[in-house]
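Asker: okay, here's the prediction I keep looking at, along with the sequence it came from:
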Amino acid sequence: MSNTYYLSQSNEVELFQAAASMNLPVLIKGPTGCGKTRFIESMGEKLDRKVYTVVCHDDLSAADLIGRHLINEHGTFWQDGPLTKAVREGGICYLDEIIEARKDTTVVLHSLADYRRVLPIDRTGELIEAHPDFMLVVSYNPGYQNVLKGMKPSTKQRFISLSFDYPKPEIEKEIIIKESGVNAEVAQKLVNIAGEIRQLTDSDIEEAVSTRLLVYSAKLIVNGFDPYQACMHSIVESLSDEDEVLEVLRKLIGLHF
Ligand code: ADP
């Protein structure tokens, strides 16, 4: 039973299920806030597999993924990290924004992502064979860099790739309504605003407005905030710090609310 609300955008649910049944890792590309994490959570429920999410950053070490020796009053003991838990017990290990992690951290994934499906743990001398329900999922934002570049061909050619983008207008409208409880008219306006902002080619906007930000605006509006102010505090201010860009965005919102 799936309780997490996820509205599918294309054939991603079927592809993910196929990858899971074939024991293949999945690579998800897409801008931030477009539904990747929500998708993985809902797939975890659908497949009845626990999801271990790790948000990657440049300080993430291999030990943060695999585990480390800890000390308590009885001495030292080994504690599995999220990756090892998923490998040992079965589950989805989801590495969000994998591009942010250093190469010496992600090198531990190679033997899990390719045909071997094993995890060597140097510190304990273990070689763990992955549980049949173990699944590796990584996501990244293609706007920044190509994650596949640093991978061996034997590894990268094992991934099933899913490309995410902001949902189509009618799907995004439905998501906004469902997530916030806002009425259809306001949701439509927010979708229209997003469409216009996403068409701006101004490079001062590092990334276009995400579905997440639209949901935030809608929630503020439902909470009684004036729609224009709600858009200012959720959409506009988070997209740029440049005065000129902010002015363009303010005007754009003013045309709708
Ligand atoms: P990402 O992981 O891509 O950064 P999230 O999965 O956290 O983005 O999505 C951000 C928010 O957008 C979610 O919390 C949810 O409110 C909404 N959302 C985006 N896409 C969908 C979708 N297809 N179904 C349901 N909610 C969605």
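Answerer: Cool, the structure landed. Because the structure is a prediction, the values reported are computed rather than measured.

Asker: strands along the stretch 101-250 of the chain, start to end?
Answerer: Here the stretch 101-250 of the chain has its strands, by DSSP state E, counting those that start in this stretch, at 118-121, 126-129, 135-140, 160-163.

Asker: distance from the second one to the middle of the chain?
Answerer: Looking back up the chat, that one is strand 126-129. On the basis of C-alpha atoms, centre = their mean, to the nearest Å, strand 126-129 is displaced by 28 Å from the centre of the chain it belongs to.

Asker: residues contacting His131?
Answerer: 86-91 (C-beta atoms under 8 Å, 6 or more residues apart in numbering). No exception for glycine: its C-beta is placed from N, CA and C like everyone else's.

Asker: hmm, back to that, columns mean pLDDT, distance to the ligand and mean neighbour count on top of the strands of the stretch 101-250 of the chain, output as TSV?
Answerer: Putting those into TSV (pLDDT from 0 to 100; distance: least, C-beta to the nearest ligand atom, whole Å; neighbours: other C-beta atoms under 10 Å) gives the following:
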stretch	mean pLDDT	distance to the ligand	mean neighbour count
strand 118-121	96	25	17
strand 126-129	96	28	14
strand 135-140	94	7	25
strand 160-163	94	11	16
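
Asker: just put those strands in JSON lines and tack on distance to Ser217.
Answerer: Compiled in JSON lines, these are given as follows (distance: least, C-beta to C-beta, whole Å):
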{"stretch": "strand 118-121", "distance to Ser217": "43"}
{"stretch": "strand 126-129", "distance to Ser217": "45"}
{"stretch": "strand 135-140", "distance to Ser217": "24"}
{"stretch": "strand 160-163", "distance to Ser217": "26"}
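
Asker: and those: which comes nearest Met151?
Answerer: Distance to Met151, taken as C-beta to C-beta, is lowest for strand 135-140 among the strands of the stretch 101-250 of the chain, at 10.2 Å.

Asker: need phi/psi at the residue in the chain positioned nearest to the ligand.
Answerer: The chain approaches the ligand most closely through Gly35 (2.5 Å), counting by C-beta to the nearest ligand atom. When quoted as degrees, to the nearest 10, the phi and psi of Gly35 stand at phi 110, psi 10.
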